[in-house]
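A.B. asks: no FASTA, just this:
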Ligand SMILES: O=P(O)(O)OC[C@H]1O[C@H](OP(=O)(O)OP(=O)(O)O)[C@H](O)[C@@H]1O
Ligand SMILES: Nc1ncnc2[nH]cnc12
């Protein structure tokens, strides 16, 4: 199955010149979505994660079903100000702006293996920030996985762990 057939390309969103890759149409199609989640699970399982870390917000859609399927724990990396209690934060750049993500102190036990999961790899800023956070709180990051990769932005170059992507776009 070619999951690209179910990913909608929206020009000039959220601002002129950006081609937005929309997974809403993938989520609407149960067969394509099941196939996507199974492929992601097959890529992640060999890394034997203790936890999957999902990145707000589209990353949660992918990571939560994957954690259930793989039988591992699930933690949230959220945009600033959303998580209660003590948090650790990191600021990062996006293809179209900048943001801050946070993790709760205590979400990861020292030495735990945490695989990062998001819907899309663009500049790599988000996953690099996520890896930094996990390591700051004592976790290891053996791998990352995304559905989509925008290869022309060379996001991989910012990352120091193996990353699996299912659909690559060169523009
Ligand atoms: O590789 P990068 O350049 O860092 O970009 C990738 C990130 O950008 C998007 O998130 P966005 O901040 O738009 O938030 P959303 O998931 O809440 O829509 C996407 O879901 C990734 O998390
Ligand atoms: N072009 C894009 N489409 C969808 N999500 C994105 N996140 C960062 N860049 C994106």
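C.D. replies: Cool, got the structure. Please read all numbers here as calculations on a predicted model, not as lab measurements. Ligands and ions are numbered 1, 2, ... in the order given.
A.B. asks: can you list the residues that contact stretch 1-10?
C.D. replies: If you take Cβ atoms under 8 Å, 6 or more residues apart in numbering as the criterion, stretch 1-10 is touched by 19-26, 28-29, 31-32, 35-36, 147-148, 166-167. Just so you know, the C-beta spots here come from the backbone N, C-alpha and C atoms, and that holds for glycine as well.
A.B. asks: What residues of that stretch count as buried?
C.D. replies: Buried residues in stretch 1-10, defined by neighbour count with 16 or more other Cβ atoms under 10 Å: 3, 6-7.
A.B. asks: rewinding a little: and the contacts of stretch 1-10, which of them are buried?
C.D. replies: With burial judged by 16+ other Cβ under 10 Å, the buried subset of the contacts of stretch 1-10 is 21-23, 26, 32, 35-36, 147-148, 166-167.
A.B. asks: Let me have the residues you listed in a markdown table, adding secondary structure, pLDDT and distance to ligand 2 as columns.
C.D. replies: Output for the buried ones among the contacts of stretch 1-10, formatted as a markdown table (DSSP: H, G, I helix; E, B strand; the rest coil; pLDDT from 0 to 100; distance: Cβ to the nearest ligand atom, whole Å):
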| residue | secondary structure | pLDDT | distance to ligand 2 |
| --- | --- | --- | --- |
| 21 | strand | 98 | 4 |
| 22 | strand | 98 | 7 |
| 23 | coil | 98 | 8 |
| 26 | helix | 98 | 12 |
| 32 | helix | 98 | 17 |
| 35 | helix | 98 | 20 |
| 36 | helix | 98 | 15 |
| 147 | strand | 98 | 10 |
| 148 | strand | 98 | 7 |
| 166 | strand | 98 | 14 |
| 167 | strand | 98 | 12 |
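A.B. asks: I'd like these as TSV, with distance to residue 56 appended.
C.D. replies: Putting these into TSV (distance: Cβ to Cβ, whole Å) gives the following:
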residue	distance to residue 56
21	18
22	17
23	15
26	18
32	23
35	24
36	19
147	16
148	17
166	21
167	21
